[in-house]
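> below are the sequence and a predicted model; questions follow.
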Amino acid sequence: MQMGLKNRFGSWVWVALFVAALPSPARSQAAKGDPAEEYGVRVARVKYGGGGDWYNNPSSIPNWLGEFERRTGIRTIKQEKVLALTDENLRAYPFLYMTGHGTIKLTNEEREALRAYLEDGGFLFINDSYGLDPSVRAMVRDLFPGQPFEELSNEHPIYHSFYDLPGLPKIHEHDKKPPQGFAVVIDDRVVIYYVYESDIGDGLADAEVHHDTPEKRELAMKMAINVLVYAITRHVMM
């Protein structure tokens, strides 16, 4: 019997936390001969159709996971993994990251696979690098009719899970609108977290890519770490 994502995610996080808590020599011994994916935090980038550049900012995930490991002590797998939603290994990655500019178009098969993944305990973080908003909202309407985005208040735990932030930071200027964080919530569980007019992904990329200030890049990193900590701790508690 295949382990559900909720159980798989909880087991995966507990092993990551256990290995991180070991003294350094014991941690090295525990890791020796074991594939890193058995206990490392994994994030996969979603490859989608429609013309949007899903591959935008390729340095974001390695930088993010490297800092996550350094700051939390929890081992990560830093190499970027790109997955289509119909990939047979999708459920080995309980945290998905989607970003880009332009348009997202999912096939019926991809939509069904994503819906099942989210309902079974998966988590999707969507970063609008600019221009994704109409297709993100259309995608969510198709995924969960009658379950619209809700804007999260600045008091929501996602902004306070590791770092205490006053809300979603503004990293990159697009249309001079305030940043907003939206969520799809099912059974009191955030399954999709979507950042609009913020562009956390730009702030995670190598410094020379967008020339964001060190202060902006640090805010982006803190927010990204908060999202990942929020997701894994919520699943551990379930």
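Cool, got the structure.
> need the strands for this structure, in chain order.
With DSSP state E as the criterion, the chain has strands at 44-47, 81-84, 95-101, 123-130, 150-151, 180-186, 189-196.
> to the chain's geometric centre, what's the distance from the longest helix along the chain?
Criterion DSSP state H: the longest helix present in the chain is helix 214-237. Relative to the centre of its chain, helix 214-237 is centred 9 Å away, using CA atoms, centre = their mean, to the nearest Å.
> tilt between it and strand 180-186?
Counting by axes from the mean of the first three to the mean of the last three CA atoms, to 10 degrees, helix 214-237 points 10 degrees away from the direction of strand 180-186.
> list the beta-bridge partners for L124.
Listed beta-bridge partners, L124: L96, I192 (assigned using DSSP bridges).
> next, count neighbours for it.
L124: 22 surrounding residues under other CB atoms under 10 Å. C-beta: built from backbone N, CA, C; applies to glycine.
> how about D188?
Neighbours of D188 using other CB under 10 Å come to 7.
> next, it: phi, psi?
With angles defined as degrees, to the nearest 10, D188 sits at phi 60, psi 20.
> go on, W54?
phi -60, psi -20.
> what sits against it?
Neighbouring residues of W54 by CB atoms under 8 Å, 6 or more residues apart in numbering: R45, V46, K47, Y48, M98, T99, G100.
> repeat that with 10 Å
45-48, 82, 84, 97-102, 104, 132 (CB atoms under 10 Å, 6 or more residues apart in numbering).
> farthest pair within these?
Across the contacts of W54, no pair lies farther apart than A84 and H101, at 19.4 Å, counting by CB to CB.
> more neighbours: the two, which one.
Under the neighbour definition other CB under 10 Å, A84 and H101 were set side by side, and A84 has more, 17 against 14.
> that older thread, distance to E208 and mean pLDDT added to the strands of the chain, as TSV?
Formatted as TSV, the strands of the chain follow (distance: least, CB to CB, whole Å; pLDDT from 0 to 100):
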stretch	distance to E208	mean pLDDT
strand 44-47	21	97
strand 81-84	23	96
strand 95-101	19	96
strand 123-130	17	96
strand 150-151	33	98
strand 180-186	27	97
strand 189-196	23	97
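> need those strands in a markdown table (columns: distance to N63).
Below are the strands of the chain laid out as a markdown table (distance: least, CB to CB, whole Å):
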| stretch | distance to N63 |
| --- | --- |
| strand 44-47 | 13 |
| strand 81-84 | 15 |
| strand 95-101 | 12 |
| strand 123-130 | 14 |
| strand 150-151 | 28 |
| strand 180-186 | 21 |
| strand 189-196 | 17 |
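> least trustworthy helix or strand in the chain by mean pLDDT?
helix 24-31 (a mean of 38; mean pLDDT, DSSP states H and E).
> circling back: show me what the longest helix of the chain is packed against.
helix 5-21, helix 60-72, strand 95-101, strand 123-130, strand 189-196, helix 200-204, helix 207-210 (3 or more CB pairs under 10 Å, 6 or more residues apart in numbering; DSSP states H and E).
> out of those, deepest packed?
helix 200-204 (a mean of 28; mean count of other CB atoms under 10 Å).
> distance between that helix and the chain's centre?
Here helix 200-204 is found 12 Å from its chain centre; the criterion is CA atoms, centre = their mean.
> and if you look at stretch 85-99?
10 Å.
> repeat that for stretch 93-108.
11 Å.
> correct me, but S161 touches A231?
Yes - contact criterion CB atoms under 10 Å: S161 and A231 qualify, at 8.8 Å.
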